[in-house]
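Enquirer: Whatever this is, show me its structure:
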Amino acid sequence: VYRLAKNEGGIIGFGSTYNLHEPGALVFVNAPFPVIEEEQLPTPPLAIGEGWCDKPFVARSVVNISGMSYGAISKPAVRALSRGAAEAGCWLDTGEGGLSPYHLEGGCDVIMQIGTAKYGVRDADGKLSAQRLKELAAHETVRAFEIKLSQGAKPGKGGVLPGGKVTAEIAAIRGIPEGQDSISPNRHRDIATADELIERIAYVRDITGKPVGIKTAIGGWQFMNALCEAVARRGMAFAPDFIAVDGGEGGSGAAPQALADHMALSIDEALPRVVDALIENGLRERVRVIAAGKLVTSARAAWALSAGADFVNTARGFMFALGCIQALRCHANTCPAGVTTHNPRLQRGLVVADKAQRVANYCRNMNKEIDMIAHACGLRQAREFRREHVRIVQGFGQSIALNMLYPYPAAPA
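Expert: Presented below is the predicted three-dimensional model:
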C-alpha cells in the first residue's frame, strides 16, 4: 500500500514471497492469450439508483474510501481524503459522524452515512430530521445516503468517540454536547425489522431525491432472505439502491475485542451469500453491491469483483496512504501520524497537500492493477470478472475455482 501511495509501483525482483500453498491464497486464472493493449477497454462507471430516484449517482472508480468519521479521524486527514478523492475520481464516505466542511472541501463525490445516532441528520430529540436531510441533499457533491446497520469491526455495537475527542466543532456537527462521550445505540431505534428498514430507505430517498443504500455486516442467510422477501412484498421501489457488505475482519476504528474478533462472517463468505440472495430474488440488477473487509490490495479487490461486487470500499488502505503506522492509538487521541488525533502538535506531520496526492496515487494505482489482473485473465476490463477467474487454495494444498465453492444460483424464471 505504501508503495502504491508513493507511486513507486508494484515491481519486485527475484520472485514472489507470496505463499501459493497457504490455505486461502488467491490464484487468478491466467489466459493463454491475454488482452493486448489495443484490445483493452476502460473499466466503465456504474450508475447507482438509476430509474429509481431523481438524481442517480454515476460512480467512476472501482476502489473508494470507506466510512471514517470526522472525530474518529482528524481535520487534516479528512481534508486530504477529500482532495485526493476528487483527484482520483472516487467517492468519500463520511462515516457516522456527520458531514463536515472538510468532506466538501475537495469537491469529491460524498456518500453521507446515517448512523444509529443520526449524527448530522438529527433533530433536538435525536430523531431523523427531514429538514436536515433536505439541507444535506442540497449539496451537489453529496451523491447518496447510506443507512448504517452495523460495521465489520463491531456488529451489534454502536460507535464510541471518547469525550476527549469531542471538540466544540465536532459536537456542533454531530448535534451533541461538547466533551462528553459520543456513544451510538446498538441499532436504529426506528428500525427493528426488514419492513421498517425498506420503509426508511424509501422515506429518505423521497426526501433527498438521491440514492439510498445500507451498510451491514452479515451473520448468515437470515437477514438477506428477510430483506428480499420484504422487497418482494412492497415492490422494487423499496429496494436499497446499494448494499455495502462489511466483512467481520474489517473495521479500522476502536471496538471491543470480543466483537472485533468473533462477530460476523468474513467478507470471503459474506459477499457471495449477499450476491447469491440478490440473484435468486431477481434483485441483482436493481441493487449495487459494495464489498469491504481488509481489501487493501489489488488482488483482494479483484477477488471481490469476481465474487460479484460492483465496487470495493477500504478505510484501512487509505489510512495507510495518509501515513498510518498502526500505532494502535486510534481511540486515545495520541496518534503519532496525525491521522486520528485532534492534537495540533501531532497533526503537523500530516501535510494535507502531500497526503492528498498519496490518497489519489493509491486509488489510481489500485484501479490500474485491478485492470492489469483482468487483462492477464483475458478480460478487456475489470467488470468482466466472474467467479471462474479466481481459485482459492484449500487446506489440502490444492486450489478450487470460486464458482465451485459458490456456484451461481439460478435467477427466478
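
Enquirer: Which residue ranges of the stretch 301-413 of the chain form helices?
Expert: Counting by DSSP state H, counting those that start in this stretch, one finds helices in the stretch 301-413 of the chain at the ranges 316-322, 344-347, 352-376, 402-405.

Enquirer: CA atoms only for the first one, dumped as PDB, please.
Expert: Taking Å, rounded to 0.1, in the frame of the first residue of the first chain, the C-alpha atoms of helix 316-322 are listed here in PDB:
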ATOM      1  CA  ARG A 316      -7.500   0.800   6.200                       C
ATOM      2  CA  GLY A 317      -5.800   1.200   2.800                       C
ATOM      3  CA  PHE A 318      -6.500   4.900   2.700                       C
ATOM      4  CA  MET A 319      -5.300   5.300   6.300                       C
ATOM      5  CA  PHE A 320      -2.000   3.800   5.300                       C
ATOM      6  CA  ALA A 321      -1.900   6.200   2.300                       C
ATOM      7  CA  LEU A 322      -2.400   9.000   4.900                       C
END
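
Enquirer: for it, the distance to its chain's centre please.
Expert: In this view, helix 316-322 has its centroid 13 Å away from the chain centroid, taken as C-alpha atoms, centre = their mean, to the nearest Å.

Enquirer: any residues touching that helix, and which ones?
Expert: Here helix 316-322 makes contact (C-beta atoms under 8 Å, 6 or more residues apart in numbering) with 1-2, 4-5, 63, 65-66, 68, 73, 77, 80-81, 84, 250, 252, 294-296, 337, 339, 350, 355, 358-359, 361-363, 366. For glycine as for every other residue, the C-beta is placed from the backbone atoms N, C-alpha and C.

Enquirer: Check the residues you listed for burial and list the buried ones.
Expert: Buried members of the contacts of helix 316-322, scored by 16 or more other C-beta atoms under 10 Å, are 1, 4-5, 63, 65-66, 68, 73, 77, 80-81, 84, 250, 252, 294-296, 337, 339, 350, 355, 358-359, 361-363, 366.

Enquirer: need the contact list for the closest residue to R348 other than its chain neighbours.
Expert: Nearest non-adjacent residue to R348, counting by C-beta to C-beta, 6 or more residues apart in numbering: G338, 6.8 Å away. G338 sits next to S74, P76, A77, G323, L346, Q347, R348, G349, L350 when contact means C-beta under 8 Å, 6+ apart.

Enquirer: so K134 sits in a helix?
Expert: Yes: counting by DSSP: H, G, I helix; E, B strand; the rest coil, K134 is found in a helix.

Enquirer: what's the pLDDT at the closest residue to it other than its chain neighbours?
Expert: Among residues not flanking K134 along the chain, I207 sits closest, at 6.2 Å (C-beta to C-beta, 6+ apart). I207 carries a pLDDT value of 98.
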